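A.B. asks: build the 3D model from these lines:
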Amino acid sequence: MAPAPGVQVSLRILVRGFDEAHARLQDALAMISSTPEDVFLPLFEALHWAVAVWYLAKRKHETIKAPGDDLLALRYARNRAGHQWANALEVREVLLPRRPMGGGRRGPYSGSFSRTTPVSVRAWLWLPEAQLPPADPKFSDSKGKTAYMDRLEEQPAHEVLQRFSDGLIELR
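C.D. replies: Numbering: from 1, shown residues only. All right, here's what the predicted structure looks like:
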């Protein structure tokens, strides 16, 4: 049954819901003092908005210019976070890649050199799939699971959501 005229919200409103939740999530991810609970709330919202946008866009034959595997992975993460009431992120120290430093004539030595001490930062990463609670066996999603493992697992949380956000540019 189709909704009565004026009852169904527009895709633009759903995109706005995602944008606002995504902004709250970015703020929580940026704060060094954020707890898992602080991050879970806007993550839960952003994932649900993202999937709602995706479903309505498909129904209206609108295109989200984001990789299809990202959409499958986000839906999989949303299902684990939403249906199993679990956080899909963890905070970890991540080593930054070593970068050449120096060069030219600085002091008695010349040439480039690298840092000898690794530099790490605190980052919110998607959990390994094996650490997520199991899905309800009635709702198997092997494509979503594969997409999650390929696109999200142990990656910085903000990256896939930013790609999704960038893909919504024509729907705003």
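A.B. asks: okay, and for the chain, where does confidence drop off?
C.D. replies: When residues are selected by pLDDT under 70, those of the chain lie in 1-6, 98-117.
A.B. asks: can you give me the strands in it?
C.D. replies: 89-95, 100-106, 109-114, 120-126 (DSSP state E).
A.B. asks: now for the lengthiest helix in the chain, which elements pack on it?
C.D. replies: When every helix of the chain is counted residue by residue (DSSP state H), the longest turns out to be helix 36-59. If you count contacts as 3 or more Cβ pairs under 8 Å, 6 or more residues apart in numbering; DSSP states H and E, helix 36-59 packs onto helix 11-30, helix 68-83, strand 89-95, helix 157-167. Glycine gets a C-beta too; all of them are placed from N, C-alpha and C.
A.B. asks: okay if I get those as JSON lines plus mean neighbour count and distance to Pro133?
C.D. replies: Listed next are the helices and strands packed on helix 36-59 as JSON lines, based on neighbours: other Cβ atoms under 10 Å; distance: least, Cβ to Cβ, whole Å:
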{"stretch": "helix 11-30", "mean neighbour count": "18", "distance to Pro133": "21"}
{"stretch": "helix 68-83", "mean neighbour count": "21", "distance to Pro133": "6"}
{"stretch": "strand 89-95", "mean neighbour count": "14", "distance to Pro133": "14"}
{"stretch": "helix 157-167", "mean neighbour count": "19", "distance to Pro133": "18"}
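A.B. asks: mind checking which of the ones you listed is nearest Ser142?
C.D. replies: helix 68-83 (9.9 Å; Cβ to Cβ).
A.B. asks: now that closest one - C-alpha only, PDB.
C.D. replies: Extracted in PDB, the C-alpha atoms of helix 68-83 (Å, rounded to 0.1, in the frame of the first residue of the first chain):
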ATOM      1  CA  GLY A  68      28.000  -0.600  -3.900                       C
ATOM      2  CA  ASP A  69      30.200  -2.600  -1.600                       C
ATOM      3  CA  ASP A  70      30.300   0.300   0.900                       C
ATOM      4  CA  LEU A  71      26.500   0.300   1.000                       C
ATOM      5  CA  LEU A  72      26.400  -3.500   1.600                       C
ATOM      6  CA  ALA A  73      29.000  -3.100   4.300                       C
ATOM      7  CA  LEU A  74      27.200  -0.300   6.000                       C
ATOM      8  CA  ARG A  75      24.000  -2.200   6.000                       C
ATOM      9  CA  TYR A  76      25.800  -5.200   7.500                       C
ATOM     10  CA  ALA A  77      27.300  -3.000  10.200                       C
ATOM     11  CA  ARG A  78      23.900  -1.400  10.900                       C
ATOM     12  CA  ASN A  79      22.300  -4.900  11.300                       C
ATOM     13  CA  ARG A  80      25.000  -6.000  13.700                       C
ATOM     14  CA  ALA A  81      24.800  -2.700  15.700                       C
ATOM     15  CA  GLY A  82      21.000  -2.400  15.500                       C
ATOM     16  CA  HIS A  83      19.600  -6.000  15.700                       C
END
